[in-house]
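Asks: sequence and predicted structure, then a few things I'm wondering about:
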Amino acid sequence: MITYRICKVAEILSETKLLEDYAVEGAISGLPKPSPQADLYDMLEKSGMLHSFGAFNGEELVGFMTVIAYKAPHYGELIAVSESVFVSKAFRKTGAGTRLIRMAEDHSKSIGAKGLLVSAPMGGSLSRMMQNPKSGYRQTNEVFFRGFHE
């Protein structure tokens, strides 16, 4: 049985295999290989800006979501933005991704955020999930990337 809870980012960063899988699936062409910066995550968590959620199969972390909440200068309101969302392939048909997003939504509401923005790799499983009308989300923007080579 999968359980869900708010967790510390350190719990997520300790799961190297899950992070390796996430790095492969979530890679953005033109950016370097992911290198999670524990000190920066810790600083954001201590400041109250970073919020982490985990899906656990027993003691094993099988999915996670991290959200950064900040007062957006353009709107003057607290906005929550997904920093990372990932569920291990073996647990994707369990509803774990949806449950993590619902937890993030509930938590974001509880801290006063006006909404949650979720970013997803084009054509990936998260993108397909978010495009489903049942998700309650609508596409509002497209994100473009241009790499700068040294």
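Replies: Received it, and whenever you're ready, just let me know what you need. Computed from a predicted model, the values in this text were never measured in an experiment.
Asks: do a quick rundown of the strands in the protein.
Replies: Taking DSSP state E as the test, the strands found in the chain are 2-7, 50-57, 60-72, 77-87, 116-117.
Asks: out of those, nearest to Glu105?
Replies: Proximity to Glu105 (C-beta to C-beta) singles out strand 116-117 among those, at 5.5 Å. Backbone N, C-alpha and C define where each C-beta goes, glycine included.
Asks: which elements pack onto that closest one?
Replies: Where contact means 3 or more C-beta pairs under 8 Å, 6 or more residues apart in numbering; DSSP states H and E, strand 116-117 is packed against strand 77-87, helix 96-110.
Asks: and these: which comes nearest Val9?
Replies: Smallest distance to Val9 across those (C-beta to C-beta): 9.7 Å, for strand 77-87.
Asks: quick one, that closest one and helix 96-110 angle?
Replies: Angle, strand 77-87 to helix 96-110, by axes from the mean of the first three to the mean of the last three C-alpha atoms, to 10 degrees: 160 degrees.
Asks: for Met103, which non-adjacent residue is spatially closest?
Replies: Distances taken as C-beta to C-beta, 6 or more residues apart in numbering put Phe53 closest to Met103, at 4.7 Å, once the chain neighbours are dropped.
Asks: correct me, but the one you found touches Thr3?
Replies: No: using C-beta atoms under 8 Å, Phe53 is not in contact with Thr3, being 11.5 Å away.
Asks: quick one on the thing from earlier: any chance of the helices and strands packed on strand 116-117 in JSON lines, plus mean pLDDT, distance to Thr140 and mean neighbour count?
Replies: Shown next, in JSON lines, are those (pLDDT from 0 to 100; distance: least, C-beta to C-beta, whole Å; neighbours: other C-beta atoms under 10 Å):
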{"stretch": "strand 77-87", "mean pLDDT": "96", "distance to Thr140": "12", "mean neighbour count": "19"}
{"stretch": "helix 96-110", "mean pLDDT": "97", "distance to Thr140": "16", "mean neighbour count": "18"}
